[in-house]
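Peer 1: I would like the atomic coordinates for the input below:
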Amino acid sequence: MIMDKKLSNKIVRDIKQRILSGTLKTGDRLPAERELAENYNVSRITVRNAISRLVYLGFLQTIPQSGTFIADFKKEASVELLVDIVSSDYGA
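Peer 2: Sure, this is the predicted structure:
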């Protein structure tokens with residue numbers, strides 16, 4: 001379980017970095033959980049946990065039957081998201 005959390009956190013950091021750097025843009029669709037799991041060499045549960053965290057923070061938006069998309073976090077930023085960005089070492 002601890003390893004799953006570490007792997008999930010790694011995915012969260014990677015996707016956040018790609019969003020903040022502009023590699024992933026607002027409205028872009030993430031690949032399916034199955035594809036992400038293969039890309040990161042982890043279980044779908046690990047990917048699902050990472051996506052849930054990113055949705056909670058406001059980086060992603062999940063639309064049932066459509067997929068997971070990059071949210072307009074700059075427009076809809078929550079306090080948790082702002083704290084997360086400020087407390088992270090992006091750009092360092």
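Peer 1: CA atoms for contacts and neighbours, from now on please.
Peer 2: Noted.
Peer 1: so residue 48 belongs to a helix, correct?
Peer 2: Yes - Residue 48 forms part of a helix when assessed by DSSP: H, G, I helix; E, B strand; the rest coil.
Peer 1: so who does the residue nearest to it when sequence neighbours are not counted touch?
Peer 2: Leaving aside its sequence neighbours, residue 48 sits nearest to residue 33 (Cα to Cα, 6 or more residues apart in numbering; 7.0 Å). For residue 33, the contacting residues are 44, 47, 48, by Cα atoms under 8 Å, 6 or more residues apart in numbering.
Peer 1: out of these, who's the most crowded?
Peer 2: Counting neighbours by other Cα atoms under 10 Å, residue 47 leads those with 26 neighbours.
Peer 1: dump the residue contacts of that residue.
Peer 2: With contacts defined as Cα under 8 Å, 6+ apart, residue 47 is in contact with 8, 11, 33, 36, 37.
Peer 1: just the closest of the residues you listed to residue 72, please.
Peer 2: residue 11 (19.5 Å; Cα to Cα).
Peer 1: what is the burial count for that closest one?
Peer 2: 22.
Peer 1: over to residue 18?
Peer 2: 13.
Peer 1: what about it, distance to residue 64?
Peer 2: 23 Å (Cα to Cα, to the nearest Å).
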